[in-house]
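Student: Structure of the sequence below:
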Amino acid sequence: MKNSEVIRIAVAESSVIIRSGLTLVLKRLPNLRIQPIELASVEALNDCMRTQPPHILFVNPGFGDYFDVSRFRNDPAGKNVRLVALATTFIDASILNKYDASVSIFDDVDVLTKKISNLQNIHDDEEDENSETLSLREKEIVICVVKGMTNKEIAEKLFLSIHTVITHRRNVSRKLQIHSAAGLTIYAIVNKLVELSDIKDL
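Tutor: This next block holds a predicted model:
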């Protein structure tokens, strides 16, 4: 997706203060054209999904007493919608793992912009010119892979969904043109991301 395209983002949250506050912040994000949609009830969410599904859905996991991620993903209308957990209180990591990403009410504008850009695969022109440069998150993923961690372990350590970890790994492979753990290990050592002592079974 290009920076110039409009991103439809729905916010499903029963608290008017949090919902309206996030909507206002979304409208002000730099370099992104966002059309926010406020959803105060499960009925409003169902209507939105039926008529014009958003690109991204920010939803409180407790929305409508309990937001059923599996049921949402099984609905054809929700298949291409990126799900973001809107954390307003402490939420168990096992719940967050079901989402594509999560945001907290304490996240700042930069964090929010980066997460939306990552979800929509939007990159700055500068990033496109230097496609071999890994983001901080991608470097963290490489370090975890080199240390022999599974996708599930990486997701738990970095508080991401497994789907997001897989996406990051795919992006790393594309940027570096490295498709094996051995190749990533060499890259990580050469670029001083890890020490030899950090690596299992070397």
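Student: For the helix or strand that contains residue 184, C-alpha coordinates in CSV please.
Tutor: Element membership of residue 184, judged by DSSP states H and E, is helix 181-190. Written as CSV, here are the backbone C-alpha positions of helix 181-190 (Å, rounded to 0.1, in the frame of the first residue of the first chain):
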residue,chain,number,x,y,z
ALA,A,181,19.1,-20.1,9.8
ALA,A,182,22.8,-20.7,9.0
GLY,A,183,22.8,-17.7,6.7
LEU,A,184,21.1,-15.5,9.3
THR,A,185,23.6,-16.7,11.9
ILE,A,186,26.5,-15.5,9.7
TYR,A,187,24.8,-12.2,9.0
ALA,A,188,24.1,-11.7,12.8
ILE,A,189,27.8,-12.4,13.7
VAL,A,190,29.2,-10.2,10.9
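Student: Now find how far off-centre that helix is within its chain.
Tutor: A distance of 25 Å separates the C-alpha centroid of helix 181-190 from that of its chain, computed with Cα atoms, centre = their mean, to the nearest Å.
Student: Please spell out which residues along it are buried.
Tutor: When burial is assessed from 16 or more other Cβ atoms under 10 Å, helix 181-190 yields the following buried residues: 184, 185, 187, 188, 189. From N, CA and C alone the C-beta is placed, and that goes for glycine too.
Student: before we move on, what about stretch 49-67?
Tutor: Of the residues in stretch 49-67, those buried (16+ other Cβ under 10 Å) are 49, 53, 54, 55, 56, 57, 58, 59, 60, 61, 63, 67.
Student: Out of these, which is nearest to residue 158?
Tutor: When the buried residues of stretch 49-67 are compared for distance to residue 158, the smallest value, 18.5 Å, is given by residue 61; criterion: Cβ to Cβ.
Student: and the closest one, what does it touch?
Tutor: With contacts defined as Cβ atoms under 8 Å, 6 or more residues apart in numbering, residue 61 is in contact with 67, 85, 86, 87, 91, 95, 96.
Student: what do you get if the cut-off is 7 Å, keeping everything else the same?
Tutor: Listed by Cβ atoms under 7 Å, 6 or more residues apart in numbering, the contact set of residue 61 reads 67, 85, 91, 95.
Student: Next: residue 72.
Tutor: The neighbours of residue 72, taking Cβ under 7 Å, 6+ apart as the test, are 78, 83.
Student: could you show me where the strands are in the protein, in order?
Tutor: If DSSP state E is used as the criterion, the strands of the chain fall at 6-12, 33-39, 56-59, 82-87, 101-104.
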